[in-house]
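Student: Sequence plus the predicted model coming up.
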Amino acid sequence: MTAGGHTSERERLVAALKASRAGTWRWDIPADRVEWDEALSAVYGLPHAKAPSTSAQFFELIHPDDREHAGRLLGALLENGHEIEYEFRAIVGDRVVWIYDRSTLVRDAEGRPAYMTGACLDVTARKQIEEERNVANEKYRLLLRELNHRVTNHLQMITGMLGLQASRQTDASVRDGFDRVSRRIHTLAGLHSRLYRDDRFDAVDMRAYLGDICDGLRGAILPERRLELACTAAAIRLTIDQAVPLGLIVSELVTNAAKYAFPGDRPGKLVVRLAAAGDRATLSVADDGVGLPGMPEASGKGIGLGLVNRLARQIGGTLTVESVAGTVYTLDFKPEQPSP
């Protein structure tokens, strides 16, 4: 290539670097000589005459809290690397500048580090935007956490009031109605409590959530019965819009089965399962009780099963029921995956 060709190529390179507001540097490792171009001095906000000429002078520019990290990265690159990119803070006068650096190591014929080159950008503005966004997100999380905490407390207070009213009723059917409403509210309160603990307000861990519901049902309706309740659920997260109906469905179906499928002191087992395959999921509640003919709510006209059918339609699911050696309710639906 002619000298004129070299000049033209260099001019294009310089123009491209200026357009990108990037600066470049070169470090002769054996001689420990650092060279900056004028664009890099502008990136840092330094007079070009004060640009560092040794690696020690360069490290003096790095924020004390970032020096160790930068040193480890460069040390690893010198030992067995080829290229790295990283960000760090530089202190220039009374200013702190965020720098993005992409470095490349060149070795000699024997494999020893010969020199390193790199290009840098001032990313202070982006970092400031990220910091402001992080602060806003943290305020949002705190607000939602407080809201969930308050909602949970209010729901628990309502549950307590319902329990008090139920205890004053002499009519067993009225008392049972209060108890069922109380369990529905308890299911919602459990979801709010889990959201508060998980710090994820847009996604519900269904394995943990259904486990909580089944634990609550064991304590509420099974202590004096010879019934076993098992719960197995896939490790999936669903949106709140689907988690709430699914939790209520489980509560209603388990309550119905415990009340109607095992007359007298008959022992038995109930199993709650949530499985997912491809773009479909199935929730099933099964029991080995007397089956549908022996259940007063078998027609689906009761309040409990009527609510279950409405909740199934709410999430676009299809509810089926089988009665062979017990009863199995199966809900097929398309899971809504929350955003990552």
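Tutor: In hand now; what should we look at?
Student: how many neighbours does residue 124 have?
Tutor: Residues lying near residue 124 (other Cβ atoms under 10 Å) number 17. Backbone N, C-alpha and C define where each C-beta goes, glycine included.
Student: contacting residues for it?
Tutor: Applying Cβ atoms under 8 Å, 6 or more residues apart in numbering to residue 124 gives the contacts 96-98.
Student: Closest to residue 247 out of the residues you listed?
Tutor: residue 98 (45.3 Å; Cβ to Cβ).
Student: a strand runs through the closest one, doesn't it?
Tutor: Yes: counting by DSSP: H, G, I helix; E, B strand; the rest coil, residue 98 is found in a strand.
Student: about what we covered before: the contacts of residue 124, buried ones only, as a ChimeraX selection?
Tutor: To isolate the buried ones among the contacts of residue 124 in ChimeraX, judged by 16 or more other Cβ atoms under 10 Å, type:
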select :97,98
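Student: Now the element after the helix or strand harbouring residue 270, going C-ward?
Tutor: Residue 270 belongs to strand 268-277 when assigned by DSSP states H and E. Counting by DSSP H and E, the element after strand 268-277 in chain order, helix or strand, is strand 280-287.
Student: Direction included, what does that next one pair against?
Tutor: strand 268-277 (antiparallel), strand 327-333 (antiparallel) (DSSP bridges).
Student: Excluding chain neighbours, what is closest to residue 265?
Tutor: residue 226 (6.4 Å; Cβ to Cβ, 6 or more residues apart in numbering).
Student: One more: residue 60?
Tutor: residue 52 (7.4 Å).
Student: before we move on, the earlier item: output the strands paired with strand 280-287 in a markdown table, with mean pLDDT appended to each entry.
Tutor: Formatted as a markdown table, these follow (pLDDT from 0 to 100):
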| stretch | mean pLDDT |
| --- | --- |
| strand 268-277 | 94 |
| strand 327-333 | 95 |
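Student: Would you tell me which one of those strands is buried the most?
Tutor: Most buried of the strands paired with strand 280-287, by mean neighbour count (mean count of other Cβ atoms under 10 Å): strand 327-333, with a mean of 20.
Student: Alpha carbons of it, as PDB, please.
Tutor: Output of strand 327-333 as PDB, limited to C-alpha atoms (Å, rounded to 0.1, in the frame of the first residue of the first chain):
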ATOM      1  CA  THR A 327     -63.200 -38.500  41.900                       C
ATOM      2  CA  VAL A 328     -60.600 -36.600  39.800                       C
ATOM      3  CA  TYR A 329     -61.100 -32.900  38.700                       C
ATOM      4  CA  THR A 330     -58.700 -31.900  36.000                       C
ATOM      5  CA  LEU A 331     -58.200 -28.400  34.700                       C
ATOM      6  CA  ASP A 332     -56.300 -27.900  31.400                       C
ATOM      7  CA  PHE A 333     -55.100 -24.400  30.700                       C
END
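Student: Excluding its own residues, what touches it? List them.
Tutor: Taking Cβ under 8 Å, 6+ apart as the rule, strand 327-333 contacts 242, 246, 249, 253, 257, 261, 280-287, 289, 291-292, 295, 308, 312, 315-322.
Student: again, only using 7 Å
Tutor: For strand 327-333, the surrounding residues in contact (Cβ atoms under 7 Å, 6 or more residues apart in numbering) are 249, 253, 257, 261, 280-287, 289, 291-292, 312, 315-322.
Student: List only buried entries from those residues.
Tutor: 249, 253, 257, 261, 281-287, 289, 291-292, 312, 315, 317, 319.
Student: so how many other residues sit close to the closest residue to residue 169 other than its chain neighbours?
Tutor: The shortest distance from residue 169 to any non-neighbouring residue, by Cβ to Cβ, 6+ apart, is to residue 175 (4.2 Å). The tally of other residues near residue 175 (other Cβ under 10 Å) stands at 15.
Student: Specify the local secondary structure of residue 175.
Tutor: Assignment for residue 175 (three-state DSSP): helix.
Student: that older thread, how much space is there between the residue nearest to residue 60 and residue 166?
Tutor: According to Cβ to Cβ, to the nearest Å, residue 52 stands 77 Å off from residue 166.
Student: Turn the contacts of residue 124 into JSON lines, including pLDDT and distance to residue 72.
Tutor: Putting those into JSON lines (pLDDT from 0 to 100; distance: Cβ to Cβ, whole Å) gives the following:
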{"residue": "96", "pLDDT": "94", "distance to residue 72": "21"}
{"residue": "97", "pLDDT": "94", "distance to residue 72": "21"}
{"residue": "98", "pLDDT": "95", "distance to residue 72": "19"}
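Student: Which single one of the contacts of residue 124 is nearest to residue 269?
Tutor: residue 98 (60.7 Å).
Student: Quick check: bridge partners of the closest one?
Tutor: residue 89.
Student: who's in contact with it?
Tutor: 87, 89, 123-124, 127.
Student: And residue 28, by the same measure?
Tutor: Residue 28 touches residue 115, counting by Cβ under 7 Å, 6+ apart.
Student: cool, and residue 77?
Tutor: Residues in contact with residue 77, defined by Cβ under 7 Å, 6+ apart, are 84, 103, 105.
Student: TSV please, covering these and showing pLDDT, neighbour count and secondary structure.
Tutor: What follows is the contacts of residue 77, written out as TSV (pLDDT from 0 to 100; neighbours: other Cβ atoms under 10 Å; DSSP: H, G, I helix; E, B strand; the rest coil):
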residue	pLDDT	neighbour count	secondary structure
84	92	17	strand
103	93	20	strand
105	94	21	strand
